[in-house]
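**Student:** I'll drop the sequence and a predicted model, then ask my questions.
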Amino acid sequence: DSTSSSAPSSASGERPGEHWSVPAFFALGVGSLWAWNAFITPTGFYALLFEGTRWEDTFLPTLTSSFTLVGLVSILALQPLLHLVTARRRVLVSLG
(Lines give C-alpha, C1' and ligand atoms only; values in the text may rest on other atoms or scores of the structure.)
Protein backbone atom coordinates (compact mmCIF):
# COMPACT_ATOMS: atom_id res chain seq x y z
CA ASP A 1 0.00 0.00 0.00
CA SER A 2 1.54 3.30 -1.09
CA THR A 3 -0.27 5.29 1.62
CA SER A 4 1.04 3.26 4.55
CA SER A 5 3.72 4.70 6.79
CA SER A 6 6.09 3.19 9.29
CA ALA A 7 4.89 5.63 11.96
CA PRO A 8 1.45 5.17 13.54
CA SER A 9 -1.10 7.87 12.75
CA SER A 10 -3.76 9.46 14.90
CA ALA A 11 -7.33 10.07 13.75
CA SER A 12 -6.35 13.52 12.42
CA GLY A 13 -3.62 12.05 10.19
CA GLU A 14 -0.87 13.50 12.36
CA ARG A 15 1.92 11.37 13.78
CA PRO A 16 2.15 11.16 17.58
CA GLY A 17 4.12 14.06 19.00
CA GLU A 18 4.11 15.97 15.71
CA HIS A 19 2.06 18.82 17.19
CA TRP A 20 5.03 19.60 19.47
CA SER A 21 7.51 20.07 16.62
CA VAL A 22 6.63 23.70 15.80
CA PRO A 23 6.88 24.97 19.40
CA ALA A 24 10.04 22.91 19.92
CA PHE A 25 11.75 24.35 16.85
CA PHE A 26 10.56 27.85 17.83
CA ALA A 27 12.13 27.43 21.28
CA LEU A 28 15.36 26.12 19.74
CA GLY A 29 15.49 29.10 17.38
CA VAL A 30 14.96 31.58 20.19
CA GLY A 31 17.56 29.81 22.31
CA SER A 32 20.18 29.85 19.58
CA LEU A 33 19.56 33.51 18.74
CA TRP A 34 19.71 34.52 22.40
CA ALA A 35 23.45 33.82 22.56
CA TRP A 36 24.12 36.00 19.50
CA ASN A 37 21.99 38.75 21.01
CA ALA A 38 24.35 38.86 24.01
CA PHE A 39 27.15 39.90 21.62
CA ILE A 40 25.10 42.25 19.46
CA THR A 41 23.19 44.24 22.09
CA PRO A 42 25.98 45.94 24.10
CA THR A 43 27.25 48.12 21.24
CA GLY A 44 27.83 51.02 23.67
CA PHE A 45 30.14 48.78 25.70
CA TYR A 46 32.07 47.80 22.58
CA ALA A 47 32.35 51.44 21.55
CA LEU A 48 34.00 52.20 24.90
CA LEU A 49 36.12 49.07 24.79
CA PHE A 50 37.52 49.78 21.34
CA GLU A 51 37.76 53.57 21.72
CA GLY A 52 41.10 54.80 20.43
CA THR A 53 41.93 51.51 18.67
CA ARG A 54 41.85 50.62 15.01
CA TRP A 55 38.62 48.66 15.70
CA GLU A 56 36.74 51.76 16.87
CA ASP A 57 34.95 52.34 13.55
CA THR A 58 34.85 48.78 12.25
CA PHE A 59 33.84 46.55 15.18
CA LEU A 60 30.12 46.64 14.47
CA PRO A 61 30.35 45.78 10.74
CA THR A 62 32.92 43.09 11.57
CA LEU A 63 30.65 41.61 14.25
CA THR A 64 27.61 41.71 11.99
CA SER A 65 29.48 40.17 9.07
CA SER A 66 30.88 37.43 11.31
CA PHE A 67 27.59 36.20 12.74
CA THR A 68 25.85 36.50 9.37
CA LEU A 69 28.58 34.48 7.67
CA VAL A 70 28.53 31.80 10.39
CA GLY A 71 24.75 31.49 10.07
CA LEU A 72 24.84 31.32 6.27
CA VAL A 73 27.63 28.73 6.17
CA SER A 74 25.83 26.63 8.79
CA ILE A 75 22.57 26.67 6.84
CA LEU A 76 24.27 25.87 3.54
CA ALA A 77 26.31 23.04 5.08
CA LEU A 78 23.41 21.44 6.95
CA GLN A 79 20.67 21.83 4.34
CA PRO A 80 21.78 18.84 2.21
CA LEU A 81 21.84 16.67 5.35
CA LEU A 82 18.35 17.63 6.53
CA HIS A 83 16.58 14.64 4.99
CA LEU A 84 18.90 12.20 6.81
CA VAL A 85 17.64 13.04 10.29
CA THR A 86 14.09 13.07 11.65
CA ALA A 87 12.66 16.20 13.24
CA ARG A 88 12.45 14.41 16.58
CA ARG A 89 16.14 13.50 16.53
CA ARG A 90 17.13 17.07 15.52
CA VAL A 91 15.23 18.47 18.51
CA LEU A 92 16.63 15.93 20.95
CA VAL A 93 20.23 16.33 19.76
CA SER A 94 20.08 20.12 19.91
CA LEU A 95 18.67 19.98 23.45
CA GLY A 96 21.23 17.41 24.58
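**Tutor:** Cool, the structure landed. Numbering: from 1, shown residues only.
**Student:** just the helices in the protein please.
**Tutor:** Counting by DSSP state H, the chain has helices at residues 21-40, 43-49, 59-78, 87-95.
**Student:** Show me what counts as buried in the second one.
**Tutor:** So the one you mean is helix 43-49. residue 46 (16 or more other Cβ atoms under 10 Å). Bear in mind the C-beta positions are built from the backbone N, C-alpha and C, glycine included.
**Student:** re earlier: would you format the helices of the chain as CSV with mean pLDDT included?
**Tutor:** What follows is those, written out as CSV (pLDDT from 0 to 100):
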stretch, mean pLDDT
helix 21-40, 79
helix 43-49, 86
helix 59-78, 88
helix 87-95, 81
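**Student:** Identify the residue nearest the geometric centre of this protein.
**Tutor:** Nearest to the mean C-alpha position of the chain, by Cα atoms, centre = their mean, lies residue 29 at 4.6 Å.
**Student:** How much space separates that residue from residue 74?
**Tutor:** Distance, residue 29 to residue 74, by Cβ to Cβ, to the nearest Å: 13 Å.
**Student:** Next: residue 35.
**Tutor:** Distance, residue 35 to residue 74, using Cβ to Cβ: 13 Å.
**Student:** what do you get for residue 42?
**Tutor:** For residue 42 relative to residue 74 (Cβ to Cβ), the value is 24 Å.
**Student:** And for residue 85?
**Tutor:** 15 Å.
**Student:** Check what pLDDT the residue lying closest to residue 56 once chain neighbours are set aside gets.
**Tutor:** Counting by Cβ to Cβ, 6 or more residues apart in numbering, residue 50 is the residue found nearest to residue 56 once chain neighbours are left out, at 4.9 Å. On the pLDDT scale, residue 50 is placed at 90.
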